[in-house]
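Undergrad: below are the sequence and a predicted model; questions follow.
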Amino acid sequence: MHIVCLDLEGVLVPEIWIAFAEESGIPELKLTTRDEPDYDKLMNYRLRILKEHGLGLKEIQDTIKKIEPMEGAREFLDELRKLGQVIIISDTFTQFAAPLMAKLGYPTIFCNELVVADNGEVTGFKMRCEKSKLTTVRALQSIGFETIASGDSFNDLAMIQASKAGFLFRSTEQIKKDYPELPAYETYSDLLEAIKKAI
């Protein structure tokens with residue numbers, strides 16, 4: 001029995017923070033987990049910038065409404081779900097993910113939660129669990145599932161390495177160079193074939 005575990009941003013949809021950085025004209029918000037492996041450090045940095053600019057949840061959600069899945073992502077996901085269970089394991093937040101899940105056909109997603117004040121200011125964040133991607137993969141394995149994982153960033157590496165089969169997808173040249181043992185793909189058709197073989 002297997003479960004495919006996928007990252008969300010950079011794999012199925014564009015990076016939310018990059019889209020918001022472009023929309024808001026704040027280039028500092030373009031930093032992602034591809035650049036900064038320490039997620040707490042990255043999020044606290046983002047929250048500081050939001051506060052400095054007086055931006056809150058509503059402004060980010062307005063940008064998210066305009067984001068479309070990557071070309072071919074919905075079809076890829078539909079094909080994958082015919083083969084078995086798929087879980088999206090993301091470090092994004094429930095307040096960000098909902099409109100994107102609608103566009104992807106409502107797949108299962110495990111993600112985190114923002115702490116939002118009554119005035120809409122994002123004051124903090126609650127991680128679902130420590131090392132959420134690796135912890136989730138290990139938990140699935142502990143109840144009898146083999147996991148197959150794919151992602152693009154530093155925060156995906158642990159779940160990819162811990163899985164029966166793991167693949168980089170549209171990752172950075174640096175990550176591909178640093179982890180040459182991980183198969184890396186650029187197209188959904190190639191990733192789908194690799195997953196089929198792993199199953």
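TA: Now that the structure is in, tell me what you want to look at.

Undergrad: neighbouring contacts of the longest helix along the chain?
TA: Longest helix in the chain by number of residues (criterion: DSSP state H): helix 39-52. By Cβ atoms under 8 Å, 6 or more residues apart in numbering, the residues outside helix 39-52 that reach it are 17, 26, 28-29, 31-33, 36, 56, 91, 121-125, 127, 155. Every residue, glycine included, has its C-beta placed from N, CA and C.

Undergrad: now do the strands in this structure.
TA: Counting by DSSP state E, the chain has strands at residues 2-6, 85-93, 108-116, 122-126, 146-151, 165-169, 184-185.

Undergrad: redo those as a markdown table? Include distance to Ile67 and mean pLDDT.
TA: Formatted as a markdown table, the strands of the chain follow (distance: least, Cβ to Cβ, whole Å; pLDDT from 0 to 100):
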| stretch | distance to Ile67 | mean pLDDT |
| --- | --- | --- |
| strand 2-6 | 17 | 98 |
| strand 85-93 | 11 | 96 |
| strand 108-116 | 15 | 96 |
| strand 122-126 | 18 | 96 |
| strand 146-151 | 18 | 98 |
| strand 165-169 | 18 | 98 |
| strand 184-185 | 22 | 98 |
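
Undergrad: deepest of those, which one?
TA: strand 146-151 (a mean of 25; mean count of other Cβ atoms under 10 Å).

Undergrad: list the buried residues for the longest helix of the chain?
TA: Tyr39, Leu42, Met43, Arg46, Leu47, Ile49, Leu50 (16 or more other Cβ atoms under 10 Å).

Undergrad: now, which of those residues sits nearest Tyr185?
TA: Nearest to Tyr185 among these is Tyr39, at 24.2 Å by Cβ to Cβ.

Undergrad: correct me, but Thr32 touches Ala19?
TA: No. Counting by Cβ atoms under 8 Å, Thr32 stays clear of Ala19, with 11.0 Å between them.

Undergrad: so the two - more neighbours on which side?
TA: Thr32 (22 against 19; other Cβ atoms under 10 Å).

Undergrad: quick check on the closest residue to that one other than its chain neighbours: phi, psi?
TA: Nearest in space to Thr32, with sequence neighbours left out and distances taken as Cβ to Cβ, 6 or more residues apart in numbering, is Glu15 at 5.3 Å. With angles defined as degrees, to the nearest 10, Glu15 sits at phi -60, psi 120.
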